[in-house]
Structures are given as structure tokens and as C-alpha cells.
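> Sequence and predicted structure, then a few things I'm wondering about:
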Amino acid sequence: MAKPERKVQHLMQSPNKYQIALLSAYALALHGFESLFPSPVPWLRLGLANIVTLITLLLYGLRAAVTVTLIRVILASLLNGTFPGPAFLLSFGGSITSTLAMGFFASATPRLFSATGLSIVGAFFHNGTQLILAYFLFIQQIEAVLLISPFIIFLGTLTGTINGIVCEIIIKNLKKSWKKIQNVDT
Amino acid sequence: MNFREILKVTTFADRILFSVLTLLSLLCLIFIRSLIPASDSVEIAVDGKLEYVLSLTEEKTVAVQGLHGTTFVEIRDHRVRVTESPCQNKLCIQQGWVVHGIIACLPNKVVITIGKTGEKGSAPDAVTE
């Protein structure tokens, strides 16, 4: 039996450090931008930075996505002044877990989910990790966490879907412009 | 990109995932309150004897006859506090609003238990004055 082709097709192979820096800057800017929005729960965010993470994941692969996420989370917390504190731990845990989960689903089941589905997976893991971390770090009351989790998962699914669609549109347009460039070149 | 194009791009698994997560979280949002055992009882005991069983949903002030006088217990907005007490140190009043737990006025031997703490026997049993 022939081994099924498991290799993921990334649009571009290995990113150079300038691309990583540029993507991290985009992510950081979105991260800062979304913290201007008021939110009903302190650790609930729109997850706009996840758009950049997901695009990086789909274009350059998991390694680049993790790098961009790490740079974004650490720099953002340094700029916020929350660096080693609990808010940083929540942000760090959630972002890394969601990036790894998206990377896993993108490579293990490449055809199953589109960018939208991956974004929902990412949002779910992000919120899930944060709820668990919040339980261990702050609340320690399982009732409170259980009461709040459906609300957070629901909002996370909605924002995840919107982010995924935005991601889809951006990737589509990027592909278009690359084709144009290639046509001009050849 | 209009709505139909977006729908075309998403896969079947996307839609399943979205529907399952949305439905599940909405259902939980509605039913989770009934799944968690309601702990809204307020029990007031004087000298170890249960005198009042009230609910946190009530809005009222109770005058509890203690050993040395009357302790006024107020229930409002799902919280409980002691507004007046004949005791010396007024620790029970200083405790302020309590949502879950115990307010004990030891001199007056009034113990207010809010919510089911699950360990009834842990209420102060050695009283010092």
C-alpha cells in the first residue's frame, strides 16, 4: 500500500528573519489595537492577532507561527508592563496552545478544515487554556469557571469564525498578487 | 467576497465544528445554572441551634435574638451582611458583604452560613470569649 502523502503544502517555504519581524510587527500592532476595545471579561479579547498567527501558519508553517506568537506575546506584555505576571501567563499559555493546536490540525488533517475551521479550533484552545489557567491561578472556584466558560467559548467561536473569514480573504488576495508578480517575472 | 463565496470556501468540518461549539455553549449557557447545585440558602444558628433558613434571593433584614442582644442580618442582592450587633469587636460587621461562606458573631453566638459549604461540622465549635 502506498503511503499517503502527508506533507503539507505551504505557499512559501522558509521565511527569512525580515518576514518574521514584519509578521510579528503586524501581530503586535493588532494585539495593541484590540486592547483598546472594552471587554466584559478581563481576559476576553477579539483575538485579532490570531489572524496573523494563522496566516503565518498557513504560509510558512508551524515553526514560523510559533516564533511570531512568542515574539508577539512577550513584546506585548513588556509594552503593557504585565511581563512576568499572571496576565502574561494567561496570554502566553493561551496563545502558544492555540498556535500548536492549529498547527496540529493543519498538518494532521490538512483537507479537513479551512482557515475558518482552524481559526475556530485556535480560539477554542486559546479560551480553554485560559479558563484552566485562570482556575489554577486566580479563581479556584470550579462553579465560577463553569458558569463563565460557555459564555467565553460561545464568544470565542464567533470571533474565531470572523477572524478565520478575514484570514481566508487575506490569503486569497495574497495568492492573487503573487500570481500577478510571477506572471510579470516570467 | 460575499456570503455565498465564504460559505463555499468553508469545508463541511468547519460548519460542523462551528455548529457544535455554538449549540453546545448556548445550551450550557442556559442549563449550567440548573446543573450546578443551587447554594443560595442562608442558615442562621444561635448557640448551635438552627433558627432561620432563608434564601439569598430574598431581600430582607432579620432581627436575630442572640445571647446578649439582637443581631441584625441583612440579605440584599444575593449577599449577606451583619448591620448591627451587640458584640464588642464588631468583627462580623467589619466582614461586610459575604456571598459564600460563614459570618460568625462569637460573643452573641450567632453563626450565619451562606451557601452549602459541604463541611457543616467545621463551624466554630470551641467558642472563646
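Yep, that arrived. Quantities reported herein were computed from a predicted structural model and do not represent experimental measurements.

> For residue B:29, give me its contacts.
Remark: with contacts taken as Cβ atoms under 8 Å, 6 or more residues apart in numbering or on different chains, residue B:29 is in contact with A:150-151, A:154. C-beta: built from backbone N, CA, C; applies to glycine.

> among those residues, which are within reach of chain B?
On the criterion Cβ under 8 Å from any Cβ of the partner chain, A:150-151, A:154 are the entries of the contacts of residue B:29 that sit beside chain B.

> Identify the residues contacting the closest residue to residue A:46 other than its chain neighbours.
In space, residue A:46 comes closest to residue A:34 once its chain neighbours are excluded; the distance is 4.7 Å by Cβ to Cβ, 6 or more residues apart in numbering or on different chains. Applying Cβ under 8 Å, 6+ apart, one finds that residue A:34 lies in contact with A:45-49.

> quick one on the thing from earlier: which ones among the ones next to chain B among the contacts of residue B:29 map onto strands?
Taking DSSP state E, every one of these sits outside strands.

> What about the residues you listed, which are in helices?
Secondary structure of the ones next to chain B among the contacts of residue B:29 is defined by DSSP state H; positions in helices are A:150-151, A:154.

> Look at residue A:15 and tell me its secondary structure.
Secondary structure state of residue A:15, per DSSP: H, G, I helix; E, B strand; the rest coil, is coil.

> hang on, isn't it packed against residue A:62?
No. Contact criterion Cβ atoms under 8 Å: residue A:15 and residue A:62 do not qualify, at 12.0 Å.

> who does the lowest-mean-pLDDT helix or strand in chain A touch, helix- and strand-wise?
None of the helices or strands of chain A scores lower by mean pLDDT, DSSP states H and E than helix A:142-185, at a mean of 86. Identification of packing neighbours for helix A:142-185 by 3 or more Cβ pairs under 8 Å, 6 or more residues apart in numbering or on different chains; DSSP states H and E yields helix A:49-60, helix A:115-134, helix B:3-9, helix B:12-35.

> and if we set it to 7 Å?
Counting contacts by 3 or more Cβ pairs under 7 Å, 6 or more residues apart in numbering or on different chains; DSSP states H and E, the secondary-structure elements packed against helix A:142-185 are helix A:49-60, helix A:115-134, helix B:12-35.

> Tell me, what's the model's pLDDT at the residue nearest to the spatial centre of chain A?
Nearest to the mean C-alpha position of chain A, counting by Cα atoms, centre = their mean, stands residue A:50 at 3.1 Å. pLDDT for residue A:50: 92.

> Check residue A:64 too.
93.

> Hmm, it is touching residue A:55, no?
No. Counting by Cβ atoms under 7 Å, no contact exists between residue A:64 and residue A:55, whose distance comes to 10.2 Å.

> between the two, who's got more neighbours?
More neighbours surround residue A:55 than the other of residue A:64 and residue A:55, with 23 against 20 (other Cβ atoms under 10 Å in any protein chain shown).
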